[in-house]
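Engineer: got a sequence here, can you build the structure:
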Amino acid sequence: MSTYLIASGSIKDAEKFAVYGAQAAPTFAPYGGTLVQKGKLKATLTGTPGSSITAIFAFTDPDAAIAWHASAAYQALLPLRDAPCEMSLSVYAAPDQKDISSG
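Structural biologist: Below is the predicted model:
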């Protein structure tokens, strides 16, 4: 089962957020996390936009994503994250293609 961590937020201070991002990036590897895609909001087609940025990370399973978030290395970065950004982190488990096609 593929697992994705979706990080979405609104940046208040781009320079401080860049410092957080640079320090957070190496914390994913020990948990098998890799950046899949990141981007900025360009249009809202329905509803109210909740964030201006989104990043998608892949993990081998939900436990790995949760362990990354709970790790001492990432937890130490929370003050760097929370000062320049309001962020939401969510973990989604996607069924494998064979599970989708079998009903």
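
Engineer: how much space separates the residue lying closest to residue 71 once chain neighbours are set aside from residue 46?
Structural biologist: Excluding the flanking residues, the one nearest residue 71 by C-beta to C-beta, 6 or more residues apart in numbering is residue 27, at 6.5 Å. In short, each C-beta sits where N, CA and C put it, glycine included. Remark: distance between residue 27 and residue 46 (C-beta to C-beta, to the nearest Å) = 34 Å.

Engineer: more neighbours, those two?
Structural biologist: A direct count of neighbours by other C-beta atoms under 10 Å for residue 27 and residue 46 places residue 27 higher, at 18 against 4.

Engineer: re the thing from before, let me see the contact set for the residue nearest to residue 71.
Structural biologist: Contact analysis of residue 27 by C-beta atoms under 8 Å, 6 or more residues apart in numbering lists 68, 71, 73, 74, 77.

Engineer: residues making contact with the helix or strand containing residue 7?
Structural biologist: Assigned by DSSP states H and E, residue 7 belongs to strand 2-11. Identification of contacts with strand 2-11 by C-beta under 8 Å, 6+ apart yields 17, 33, 36, 50-62, 64-65, 68-69, 84-94, 96.

Engineer: could you pull up the mean pLDDT of it?
Structural biologist: Average pLDDT, strand 2-11: 94.

Engineer: next helix or strand past it?
Structural biologist: That would be, after strand 2-11 and using DSSP H and E, helix 14-24.

Engineer: for that next one, buried residues please.
Structural biologist: 17, 20, 21, 24 (16 or more other C-beta atoms under 10 Å).

Engineer: ok now that helix, how far from the chain's centre?
Structural biologist: The chain centroid and the centroid of helix 14-24 are separated by 14 Å, computed with C-alpha atoms, centre = their mean, to the nearest Å.
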